[in-house]
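> build me a model from this:
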Amino acid sequence: MSPEIRRETRRRAGASRRRAAPPAPARGRPLRRSAAVALLLSSAGLWSTGSVDGQAQDARIPAPGTLWLELAPELRTWSEQFAANSDRASDGEKEPLFAHFDGSVASRLFPGPAPFLDDVNAAATELGYDAYTESDLSLGSLDFSAMNAQARVLGLGLELGIVDRLSVGFRAPFTMTDVESAFVFDSASATVTAATVAFPQGGAFFTEAQTALTSLQALIDGGSLAGMALTDAVRLRDDLDTFLTALEARSVAGGLIPTATTSAGAQMSGRFSGFADDLDALGIALPALGLPETATRSDLNGWLTNPPVSASPLTDTRNSLRLGEIEVSLRFNLFDAISDPGRDADADSASADAEVAGDSSPVDETDVAETLDPSSDGLRFRTTVGATLRLPILQASFPPLQDATHFLDVPIGDGQTDIELALYQDVSFRRFIVRSEFRYGIQRPDAVILRVAPPDQPFALEALQTPVLRDLGDYVLATVRPGFRLTPALSVALEWDYFRLGAPTYSLTEELADVADATALEVEGTQTRQRFGLGFVYDHSRAQDRAGLLTGTPQSRSAWQFAISMRSPISGSGGVTPSSFLYGASLRVPIGIF
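The predicted structure follows:
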C-alpha cells in the first residue's frame, strides 16, 4: 500500500472524531470543491498572438480573485511557402521563399522596363549613343540559394478571474523578425550600370577632365588659335562640356549608363575617345573614360533604393524587438464537469453522511486508490466562450508583396483592428483529454497608403503610391490537442492546427494613372495551412490536486504550469503562405489577489 493511500484511509476512518460540528449539507460541498479544483487544475494561460498563431488555450479560466501571470516565448521559422497554381508549382506544393524574386530582375522586381528606358535614354544624345529599345535593356538576374525568415515573440499575458465563470485578460507581444538571404547577382547579361558607382561625383575622372577643359579654355582665350582651328576648339569645348555635364548629372542622380560591352557603350566610349584625340593634338591630356564592363551588386541596390523605384536594398533585414499588437480579451465558462470531479465530491458527501449517522467504519482502501488514480475518471466536458480585441500598432509594416519598400521583410503588424470570437471545448475520459479551440477573426477594414502596380506585376514604383481602402479578410483557426496523462501532473499530446484566411479586397480612393483598380494587391491573398506536432504539459497544480487536496494538505499559492509545443507544416496553399515551423513554450503562475 502506498503512503498516500494509507494517509487517506486514516483520514477518512477518523473523520467523525475530528469534527466539532455537523458537516454542511452534501449538496454544498461539491460547490466549494469546484472552486478549489478549478484553480488547481488550470494549465492553459493567456495566449493569442497578433499573427493568429502560437500556443492554444483550453477551456479553463482562473478562479475569482486569482490572477494568471504567463510568460510565453515563441519561435516561428520558415524557408518555404505553399504555392498557388503557377508555371513552376502546383497549388499546395512547397516552393522556396525566393520564388517571387528569382530570375530576371527587370521582369520580377519591377513593373516593366519602361521607366528604366526613359532613364537610360535621357542623356543618350549628349553622351553619344543610340537610344535603347526594350530588347536592349537588361538589369542582370538574381540566383538565390537560400532565404530564411523567422519571427520571435515574447508574450506577456495576464488573466484575472473577476467573478465565478468570468475572466478578463490582457496580452502584450514583444516581437522581433528577420530575413536572411543568400543570392548571386549575375551581371553578365546586364547592359546598363549606375553612373554613381563608375563615376562618383568629385572623383578623379571629373577632376582631371575639368582640368583638361580649363586648359582648353585657356588656349582659346590665349589668342594662339585662329580661323578653323579656333572654331574647332570652341566646338570641342562645347561638346566636351555637354558630355561631362550630362555624365555628372547621371552620377548625381544615380542614373543609368551603358556598359562597355554593349553597342551603346562602344558608341559612348568612341565619342569620348574622339575628344581625347582632338585634345591630344592640342597638347592637352584627357583621362580615360573606362566604362564598366558589367554591373555590380552596388548597382543593383542603387536601382532599388533610388528613383523611380525607391525601395529597400536586397540585404538581410531585421525588425528589432518592439511591442506588437496588444490584445484585450473576455472569457466566460459555460459548463465545467472536469474541474469539479463528481466522483470525488460524491465520495466526500458519502463520508459526510456516514459521519452524521455515526458510522466511523474504515474507508475502503480500493476506493481511495481509485480516487487518486485519474484512470478511473468518466466522460466529462468543459466549455468556454471568449472574445478578443486586437489593437493595431502605431508603426505597421505591410506584407512584402504589397509594399516594395519592405519586400524582403517579415512585418510585425498589419496596422488594422481584429475582433476575434472563440469557443474552447475540453473533453476528458479516464487518462485521456482532448483540448480544442476554434477561433473566428474579423479583420476590420481600414485605409492605408500602398503602392499599386498594374496587373501581374508584383512590385510598384514610388510614383504609384496611393491611398487604398483594404479589407484583409476574415480568418478561421482551429486547434485540436488529444492528450494522455502519463502522471497526474505530466501529460503528452498530439497537436493539430488549421488556419484559413479569406480573400482580401482593395479599392482605390482616387484615380491613379495607368492603374484602373487595386485588384493586383489581392493576388494570392487567400491562405490555408495545417500543422501537426507534439506537446508536453507539466501542471504542478494538478499534482497538488491528486496528492494534496484529497489528503487535506493546504493548497499552495505557488502552483505553476509549464508547457512546450512543437508543430511542423504538413499542407497549405495560397502562394505566399509561410510553411512555418512553430516552437513555443509557456510558464504560467497563479497569484491570489483577493
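> please count neighbours and contacts with C-alpha atoms only from this point.
Noted.
> show me where the stretch 101-250 of the chain has its strands.
With DSSP state E, counting those that start in this stretch as the criterion, the stretch 101-250 of the chain has strands at 103-104, 141-163, 166-186, 192-194.
> what packs against the second one?
Strand 141-163 sits against strand 66-78, strand 103-104, helix 105-109, strand 166-186, with contacts defined as 3 or more C-alpha pairs under 8 Å, 6 or more residues apart in numbering; DSSP states H and E.
> report the buried residues of it.
141-144, 147-162 (16 or more other C-alpha atoms under 10 Å).
> need the nearest residue in space to residue 330, chain neighbours excluded.
residue 168 (4.5 Å; C-alpha to C-alpha, 6 or more residues apart in numbering).
> which residues touch that neighbour?
Residues in contact with residue 168 (C-alpha atoms under 8 Å, 6 or more residues apart in numbering) are 159, 160, 161, 162, 328, 329, 330, 331.
> kindly report the same for residue 80.
Contacts of residue 80 by C-alpha under 8 Å, 6+ apart are 94, 95, 96, 97, 578, 579, 580.
> distance-wise, check residue 60 relative to residue 390.
In this view, residue 60 and residue 390 are 21 Å apart by C-alpha to C-alpha, to the nearest Å.
> of these two, which one has the most company?
For residue 60 versus residue 390, the count of surrounding residues by other C-alpha atoms under 10 Å is larger for residue 60: 26 against 22.
> for residue 198, grab the count of nearby residues.
A count of neighbours around residue 198, defined by other C-alpha under 10 Å, yields 20.
> with residue 512 instead?
That count, for residue 512 with other C-alpha under 10 Å as the rule, works out to 16.
> return the helix or strand in the chain with minimum mean pLDDT.
helix 29-40 (a mean of 26; mean pLDDT, DSSP states H and E).
> quick one: low-confidence parts of the protein?
1-56, 85-89, 100-114, 340-377, 394-407, 454-459, 541-559 (pLDDT under 70).
> just to revisit the earlier point, can you redo the contacts of residue 168 as JSON lines with distance to residue 592?
What follows is the contacts of residue 168, written out as JSON lines (distance: C-alpha to C-alpha, whole Å):
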{"residue": "159", "distance to residue 592": "12"}
{"residue": "160", "distance to residue 592": "10"}
{"residue": "161", "distance to residue 592": "10"}
{"residue": "162", "distance to residue 592": "12"}
{"residue": "328", "distance to residue 592": "21"}
{"residue": "329", "distance to residue 592": "20"}
{"residue": "330", "distance to residue 592": "19"}
{"residue": "331", "distance to residue 592": "19"}
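> as a check, name the ranges of all helices in this protein.
3-13, 15-18, 29-40, 105-109, 114-121, 124-127, 195-198, 204-221, 227-253, 263-281, 297-305, 342-356, 365-372, 540-544 (DSSP state H).
> which positions within the fifth one qualify as buried?
Within helix 114-121, the residues that count as buried by 16+ other C-alpha under 10 Å are 116, 117, 119, 120, 121.
> for that helix, packing partners?
Secondary elements touching helix 114-121 (3+ C-alpha pairs under 8 Å, 6+ apart): strand 256-258.
> leaving out sequence neighbours, find the closest residue to residue 451.
With C-alpha to C-alpha, 6+ apart, the residue lying closest to residue 451 is residue 465, at 4.0 Å.
> who's in contact with the one you found?
Contacts of residue 465 by C-alpha under 8 Å, 6+ apart are 449, 450, 451, 452.
> any idea how far the second one lies from residue 521?
From residue 450 across to residue 521, the span is 9 Å (C-alpha to C-alpha).
> now residue 216, nearest residue through space, not along the chain?
Residue 216 sits nearest to residue 237 (C-alpha to C-alpha, 6+ apart), 6.9 Å away.
> okay, now that neighbour: neighbour count?
20.
> save the helices and strands packed on strand 141-163 as JSON lines, and put in distance to residue 275 too.
Converted to JSON lines, those look like this (distance: least, C-alpha to C-alpha, whole Å):
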{"stretch": "strand 66-78", "distance to residue 275": "57"}
{"stretch": "strand 103-104", "distance to residue 275": "37"}
{"stretch": "helix 105-109", "distance to residue 275": "34"}
{"stretch": "strand 166-186", "distance to residue 275": "33"}
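> quick check: which of the ones you listed is nearest to residue 423?
Smallest distance to residue 423 across the helices and strands packed on strand 141-163 (C-alpha to C-alpha): 14.2 Å, for strand 166-186.
> keeping just the C-alphas, turn the closest one into PDB.
Output of strand 166-186 as PDB, limited to C-alpha atoms (Å, rounded to 0.1, in the frame of the first residue of the first chain):
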ATOM      1  CA  LEU A 166     -15.900  35.100 -15.900                       C
ATOM      2  CA  SER A 167     -12.300  36.400 -16.600                       C
ATOM      3  CA  VAL A 168     -10.700  39.300 -18.300                       C
ATOM      4  CA  GLY A 169      -7.300  39.100 -20.000                       C
ATOM      5  CA  PHE A 170      -4.500  41.300 -21.400                       C
ATOM      6  CA  ARG A 171      -1.600  40.300 -23.600                       C
ATOM      7  CA  ALA A 172       1.400  42.300 -24.900                       C
ATOM      8  CA  PRO A 173       3.600  40.500 -27.500                       C
ATOM      9  CA  PHE A 174       7.100  41.800 -27.900                       C
ATOM     10  CA  THR A 175       8.200  40.800 -31.400                       C
ATOM     11  CA  MET A 176      11.400  40.600 -33.400                       C
ATOM     12  CA  THR A 177      11.600  39.400 -37.000                       C
ATOM     13  CA  ASP A 178      14.400  39.000 -39.500                       C
ATOM     14  CA  VAL A 179      15.100  37.600 -43.000                       C
ATOM     15  CA  GLU A 180      18.400  36.200 -44.200                       C
ATOM     16  CA  SER A 181      19.000  35.700 -47.900                       C
ATOM     17  CA  ALA A 182      21.900  34.400 -50.000                       C
ATOM     18  CA  PHE A 183      21.900  35.100 -53.700                       C
ATOM     19  CA  VAL A 184      24.300  35.800 -56.600                       C
ATOM     20  CA  PHE A 185      23.800  38.800 -58.800                       C
ATOM     21  CA  ASP A 186      24.500  37.600 -62.300                       C
END
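> in that strand, what's buried?
Going by 16+ other C-alpha under 10 Å, strand 166-186 has these buried residues: 166-181, 185-186.
> same check on stretch 320-330?
323, 324, 325, 326, 327, 328, 329, 330.
> so of these, which ones are in strands?
323, 327, 328, 329, 330 (DSSP state E).
> of the residues you listed, which is the nearest to residue 567?
residue 327 (23.7 Å).
> the closest residue to residue 567 other than its chain neighbours and residue 584, how far apart?
Distance criterion C-alpha to C-alpha, 6+ apart; nearest residue to residue 567, sequence neighbours excluded, is residue 533 at 3.9 Å. Using C-alpha to C-alpha, residue 533 is found at 11 Å from residue 584.
> now the common contact residues for these two.
Taking C-alpha under 8 Å, 6+ apart as the contact rule, residue 533 and residue 584 both touch 565, 566.
> thinking again about what came up before, who has more neighbours, residue 450 and residue 521?
Neighbours around residue 450 and residue 521, counted as other C-alpha under 10 Å, are more numerous at residue 521. The numbers are 26 against 22.
> that one contacts residue 460, doesn't it?
No: Residue 521 is not in contact with residue 460 according to C-alpha atoms under 8 Å; the separation is 10.5 Å.
> find residues that contact each of those two.
residue 452.
> start to end distance for stretch 481-498?
End to end - C-alpha to C-alpha - stretch 481-498 spans 12 Å.
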